[in-house]
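Student: Please work out how this folds:
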Amino acid sequence: MNICSRGHIKDQRAGFTLLEMIVALGIFSILVIIAFGVAFSLSQAQIKAAKIQAVQGDLRFSLENITKEMRTGRNFIPANAISGLSGAFREITFTRRDGKIVRYALGADAIQKTVTDSSGTPLTAGAVTGEDVTVDGLVFYVTGTGTGDGQPRVTVSIRARSREPQLVSSLELQTSVTARGHDLQR
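Tutor: Residues are numbered from 1 along each chain as shown. So this is what the prediction gives:
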């Protein structure tokens, strides 16, 4: 114990020294920086996961719309055969149940759909996939389209990725659809 000049007792353990304050502030600052870094990383991961889910949802929706039309279609005509893959084509044309002719093909990094009437007059054309998706590959595997072959079956395979450069994950979706009616016409 120390006694001050006025007769008061001074305890040397009371309070912090300047060095102790600097060390405590340094440790606290490091912990805050680490906490903000972890929070920022988690936020970025959540944003990336949400964008990947959006791309997957867009592709699933597009694929579902394509197969829905094919399910009730007839007169399937594949075109642009892919060498080395038996029964694989880059585009397909068929007649919808309302008599309109539909063509699906890959163009401009998106799945393109063209609808024409029976005389070949274009009615609508445009991308089936959204702006956030880059489609790198589209393949149609077609069987059962010959006369008397029975029901046509089309397997659609899509390879795509997000247009955003920080999302490097590639997605591949594939589904098969069998037309409801027999394709006896050619």
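Student: Can you tell me how far the residue most central in space within the chain is from N80?
Tutor: Residue closest to the average C-alpha location in the chain (CA atoms, centre = their mean): V55, at 2.4 Å. Counting by CB to CB, to the nearest Å, the separation of V55 from N80 is 26 Å. Just so you know, the C-beta spots here come from the backbone N, C-alpha and C atoms, and that holds for glycine as well.
Student: Then A39?
Tutor: 50 Å.
Student: who's in contact with stretch 115-135?
Tutor: 51, 54-55, 58-59, 62, 65-66, 96, 99-104, 106, 108-114, 158-164 (CB atoms under 8 Å, 6 or more residues apart in numbering).
Student: Now that we have these, which of them are buried?
Tutor: Those of these that meet the buried threshold are 51, 55, 58-59, 62, 66, 100-104, 106, 110-114, 158-162, by 16 or more other CB atoms under 10 Å.
Student: Helices - which of the residues you listed land there?
Tutor: 51, 55, 58-59, 62, 66 (DSSP state H).
Student: May I see these arranged in JSON lines, with pLDDT as well?
Tutor: Output for these, formatted as JSON lines (pLDDT from 0 to 100):
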{"residue": "K51", "pLDDT": "80"}
{"residue": "V55", "pLDDT": "83"}
{"residue": "D58", "pLDDT": "88"}
{"residue": "L59", "pLDDT": "88"}
{"residue": "S62", "pLDDT": "89"}
{"residue": "I66", "pLDDT": "90"}
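Student: what's the closest of those to G137?
Tutor: L59 (12.0 Å; CB to CB).
Student: wait, that closest one sits on Q174?
Tutor: No: between L59 and Q174 there is no contact under CB atoms under 8 Å: 10.9 Å.
Student: joint contacts of the two?
Tutor: I158.
Student: any idea how far T116 is from E20?
Tutor: Counting by CB to CB, the gap from E20 to T116 is 82 Å.
Student: for T155, what are its contacts?
Tutor: Taking CB under 8 Å, 6+ apart as the test, what T155 contacts is 140-142, 174-177.
Student: try 7 Å this time
Tutor: Applying CB atoms under 7 Å, 6 or more residues apart in numbering to T155 gives the contacts 141, 174, 176.
Student: Looking at strand pairing, list the partners for it.
Tutor: On the basis of DSSP bridges, T155 is bridged to Y141, S176.
Student: any idea how far it lies from G144?
Tutor: Taking CB to CB, one finds T155 at 11 Å from G144.
Student: Over to V154?
Tutor: In this view, V154 and G144 are 9 Å apart by CB to CB.
Student: More neighbours: which of the two?
Tutor: More neighbours surround V154 than the other of V154 and G144, with 26 against 16 (other CB atoms under 10 Å).
Student: T143 is in contact with that one, correct?
Tutor: No: counting by CB atoms under 7 Å, V154 does not reach T143; the two are 8.1 Å apart.
Student: Cool, thanks, signing off.
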